[in-house]
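A.B. asks: I would like to see how this sequence folds:
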Amino acid sequence: MKTIFKVILHHKNKKSKTISTIGFIIGLTIMLLSIELYINVKSISKENNSSVDNDLLIVSKKVTTSLLSQKNNTFTEKELTSLRNSDFVIDMAPFLSCDYNVFVEVGDDKLGIPNLYTMAFFESIPSKFIDIKIKNWNWAPTNEIIPIILPKNYLDAYNFGIAITANTPQISADLLKGIVFKIHIRGNNKRQTFIGSVVGLSSKINSILVPESFIKHTNKIYGNYEKREINRIAISTNNIQDPAIKKYLSENNLTTSNNISKENVVQKLANGVLSYQIIICLIIIIQGVLLILFYTKMIMYDAKREIQQLSLIGYSNSIISKTIEKTLIKTYFFIFGSCLALTYLCKFLISQQLKNSLELEINPFINIWTILIYILLLTSFILINRNNLKNKLIEFQTSR
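C.D. replies: Down below sits the predicted model:
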């Protein structure tokens, strides 16, 4: 075997091999990284929408000059029935509002957070409409701490507004969850102070959310428990881009906090990027296969005379093929090992960048599906190479 190796491969073009190997490593790394990031993006999307299987709409009445003379802009029972019977509505639930005054006090000298005292307003909706996962989204009168979900844009407003103006440190989402809030409630000539803790940030719901049990309990004591006015509704729908939604909202003087037209453009853009990504991955795979075939042919043609001479002195095709294949398999394992290491390194760096800039966490380790695709490709290349070697050896024998 060593003799055959020296005869066939001693004069192979190292420069060509190096260029081919580097090109293959770069192409395969891009493909594996694209697959890995695609899996993570889908996973994040699924996680963020795990509580709401469909698109979420927050609907309320438009504030116009005609409403200035009215006491409120609440929904009537007839309007609720009409909305519930609409084809685009899968499920809906009203926001339950507090009927008392709420004041929030926060401040932490150790963390450099200034003392703030402001009015607030609490609402609640069923947990299935909330766009983030919360493990303990409940409250009982015996609980000392109220779990709170804040709109994400509240944190952005502090970091890029108050923090800059007051020259105070910016706050990350994780740090915010460790800050204690004092909640002062006043109503019906009664008052009480609670402790609140932020358990999550919502990107879809622009309200300060607390558990429904807390709203009902405190409305009995500090508000009007019999008051059942509804001014905002959470709607679950199959497709937020459905033209029927926009038409219904316009005809009934309703508005939504969701930017439907913007989300439509973003979705189309995401779909377009995904399509191009799939096409690019397919091109890279085809290029990888062609590169393997080219590299094998290059070695075979360089050693054509030596292979024919070995056949003449009695070496079988299987022995010659195994010698060349053994060398190529070592090259493949080096290429695929390098690709796997580079894919992990690139993903780790990307995950750190996303965490620092967008507070978005993705698993830095390589997904099992990427590993399976990796093994499938490696096996496919070895089998393609084996078949190509056999065909070339037969071709050389017939051309003598």
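
A.B. asks: okay, CA-based contacts and neighbour counts for the rest of this
C.D. replies: Noted.

A.B. asks: quick one: low-confidence ranges for the stretch 301-400 of the chain?
C.D. replies: Within the stretch 301-400 of the chain, the set of residues satisfying pLDDT under 70 comprises 301-318, 320, 357-360, 392-400.

A.B. asks: Recalculate using a threshold of 80.
C.D. replies: 301-332, 354-364, 381-382, 384-400 (pLDDT under 80).

A.B. asks: hey, where'd the strands end up in it?
C.D. replies: Secondary structure of the stretch 301-400 of the chain by DSSP state E, counting those that start in this stretch: no strands are present.

A.B. asks: Could I get the full set of helices for it?
C.D. replies: When assigned using DSSP state H, counting those that start in this stretch, the helices of the stretch 301-400 of the chain occupy the ranges 304-312, 317-358, 368-398.

A.B. asks: show me the residues around K152 that make contact.
C.D. replies: Taking CA atoms under 8 Å, 6 or more residues apart in numbering as the contact definition, K152 lies against L201, S202, S203.

A.B. asks: Tell me which of the helices of the stretch 301-400 of the chain sits nearest to S97.
C.D. replies: helix 317-358 (31.3 Å; CA to CA).

A.B. asks: and that closest one, what other elements does it pack with?
C.D. replies: helix 2-9, helix 14-48, helix 368-398 (3 or more CA pairs under 8 Å, 6 or more residues apart in numbering; DSSP states H and E).

A.B. asks: angle of that helix against helix 368-398?
C.D. replies: Angular relation of helix 317-358 and helix 368-398 on a 0 to 180 degree scale: 150 degrees, by axes from the mean of the first three to the mean of the last three CA atoms, to 10 degrees.

A.B. asks: for N363, phi and psi?
C.D. replies: In terms of degrees, to the nearest 10, the main-chain angles of N363 are phi -70, psi 120.

A.B. asks: That should have said T142, apologies.
C.D. replies: For T142, the backbone dihedrals (degrees, to the nearest 10) come out as phi -80, psi -10.

A.B. asks: What's the separation between it and L377?
C.D. replies: In this structure, T142 and L377 are 58 Å apart, going by CA to CA, to the nearest Å.

A.B. asks: Stretch 81-92: which residues count as buried?
C.D. replies: L83, R84, F88, V89, M92 (16 or more other CA atoms under 10 Å).

A.B. asks: okay, how far is it across that stretch, tip to tip?
C.D. replies: Termini of stretch 81-92 sit 11 Å apart (CA to CA).

A.B. asks: rewinding a little: a markdown table for the helices of the stretch 301-400 of the chain, including mean neighbour count and distance to S127?
C.D. replies: What follows is the helices of the stretch 301-400 of the chain, written out as a markdown table (neighbours: other CA atoms under 10 Å; distance: least, CA to CA, whole Å):
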| stretch | mean neighbour count | distance to S127 |
| --- | --- | --- |
| helix 304-312 | 16 | 71 |
| helix 317-358 | 16 | 25 |
| helix 368-398 | 15 | 32 |
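
A.B. asks: Nearest to A234, out of those helices?
C.D. replies: Taking CA to CA as the criterion, helix 317-358 is the member of these that comes nearest to A234, at 26.9 Å.

A.B. asks: Figure out how far that closest one is from the centre of its chain.
C.D. replies: Per CA atoms, centre = their mean, to the nearest Å, the displacement of helix 317-358 from the mean C-alpha position of its chain is 25 Å.

A.B. asks: what pLDDT, on average, does stretch 127-138 get?
C.D. replies: Mean pLDDT, computed over stretch 127-138, is 84.

A.B. asks: can you give me the end-to-end distance of it?
C.D. replies: Distance across stretch 127-138, first residue to last, is 10 Å (CA to CA).

A.B. asks: Tell me the buried residues in that stretch?
C.D. replies: S127, F129, I130, D131, I132, K133, W137.

A.B. asks: which SS state does the fourth one fall under?
C.D. replies: Same thing as D131. Using DSSP: H, G, I helix; E, B strand; the rest coil, the three-state assignment for D131 comes out as coil.

A.B. asks: wait, isn't it in contact with G200?
C.D. replies: No: if you go by CA atoms under 8 Å, D131 and G200 don't touch, sitting 10.1 Å apart.

A.B. asks: Restricted to strands, list the buried residues of stretch 81-92.
C.D. replies: With strands taken from DSSP state E, the overlap with these comprises M92.

A.B. asks: can you put the buried residues of stretch 81-92 in TSV and add pLDDT and distance to I280?
C.D. replies: Rendered in TSV, the data for the buried residues of stretch 81-92 read as follows (pLDDT from 0 to 100; distance: CA to CA, whole Å):
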residue	pLDDT	distance to I280
L83	91	44
R84	91	44
F88	89	36
V89	91	38
M92	92	41
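
A.B. asks: Of the buried residues of stretch 81-92, which belong to helices?
C.D. replies: Assigned to helices by DSSP state H, the following of the buried residues of stretch 81-92 qualify: L83, R84.

A.B. asks: Farthest-apart pair in the buried residues of stretch 81-92, please.
C.D. replies: Across those, the longest distance by CA to CA is 10.8 Å; it joins F88 and M92.

A.B. asks: so I233 sits in a helix?
C.D. replies: No: in this structure, I233 is strand, not part of a helix, as judged by three-state DSSP.

A.B. asks: The chain should start at 59 in everything you say after this.
C.D. replies: With the count now opening at 59, the last piece we talked about shows up as I291.

A.B. asks: Can you check the pLDDT for it?
C.D. replies: At I291, the pLDDT recorded in the model is 92.
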